[in-house]
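Participant: got a sequence here, can you build the structure:
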Amino acid sequence: MKSWKKFAADYLGLILILVWGLAPFYWMVVTALRDSAHTFDTTPWPTHVTLQNFKDALATDKGNDFLGAIGNSLLISVTTTALAVAVGVFTAYALARLDFPGKGVVTGIILAASMFPGIALVTPLFQLFGQLEWIGTYRALIIPNISFALPLTVYTLVSFFRTLPWELEEAARVDGASRGQAFRKVLLPLAAPALFTTAILAFIATWNEFMLARQLSTTATEPVTVAIARFSGPSAFEYPYTSIMAAGALVTIPLVIMVLVFQRRIVSGLTAGGVKA
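Facilitator: Model (predicted):
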């Protein structure tokens, strides 16, 4: 009897979490499919269905360049993810496998960087990039995102590298491999699940970034988050809620599909560094 109650309680909790997490996304899709004349209709399922909102989101006649913004987001997110993972994997290996002076200080600095509020960086970064004449360039958007994605990458990979047995690396060294060859040919393939996980998480975090991009981008380099915020309606007194929801759905659905497809790899990567009983 207890096992049945526990089973029911577990599934009830899962259902509540799913509803809590997916309800905003569901309502965004419902609003995106609804005619703009019925924007504030509270019917909980699609009514007055139309695809005009998606056409409006992709149109450029009102000064919006949504497809160009998607290209900018892809460029910024892919570049940030690649650089963060490339730097993070070597940093994580050094912190997990090597002993060197100041190791604790470096770990503390990385932790402090991950805890620092992003809003406090807007003014100094704007001033710095303004002096360098980087405002509106991809460099001004990629470099800060790397600093945000790197701590997550390092800490995820450090916990994984610490679980790998030293004997694997020592055996490769005994067979004549250098430390770099042992890392590249033995440890790096074993770290593939953790690398895949950190890459997905860094990509999603960069794709969703808005605050700094709003201040450091121009219409030529703005990502989708900024482009959606700049959507304009037929007049200055009409806010295009349905078009914004359509654009949000176009941006969010690929991420949801990606997470659903790769969920096993994500979970395996996140739990790879856990302690097993």
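Participant: show me the shaky parts of the stretch 1-150 of the chain.
Facilitator: Across the stretch 1-150 of the chain, the stretches falling below the confidence threshold (pLDDT under 70) are 1-2.
Participant: got the buried residues for stretch 119-128?
Facilitator: When neighbours are counted by 16 or more other Cβ atoms under 10 Å, the buried residues of stretch 119-128 are found to be 121, 122, 125. Using the backbone N, CA and C atoms, a C-beta is placed for each residue, glycine as well.
Participant: could you dump those to a markdown table with distance to residue 60 and secondary structure?
Facilitator: A markdown table is the format used below for the buried residues of stretch 119-128 (distance: Cβ to Cβ, whole Å; DSSP: H, G, I helix; E, B strand; the rest coil):
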| residue | distance to residue 60 | secondary structure |
| --- | --- | --- |
| 121 | 32 | helix |
| 122 | 29 | helix |
| 125 | 30 | helix |
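Participant: mind telling me what element residue 53 is part of?
Facilitator: Secondary structure assignment for residue 53, by DSSP states H and E: helix 52-58.
Participant: show me what that helix packs onto, helices and strands only.
Facilitator: Applying 3 or more Cβ pairs under 8 Å, 6 or more residues apart in numbering; DSSP states H and E, we find helix 52-58 packed against helix 66-97, helix 241-261.
Participant: so which elements touch the shortest one?
Facilitator: Other helices and strands packing on helix 241-261, by 3+ Cβ pairs under 8 Å, 6+ apart, are helix 2-32, helix 52-58, helix 66-97, helix 192-207, helix 224-229.
Participant: out of the ones you listed, flag the one nearest residue 251.
Facilitator: The minimum distance between residue 251 and those falls on helix 224-229, with 5.1 Å, by Cβ to Cβ.
Participant: taking the centroid of the protein, which residue is nearest it?
Facilitator: Compute the mean C-alpha point of the chain, and by Cα atoms, centre = their mean the closest residue is residue 204, 1.8 Å away.
Participant: contact partners for it?
Facilitator: Contacts of residue 204 were listed using Cβ atoms under 8 Å, 6 or more residues apart in numbering, and they are 255, 259.
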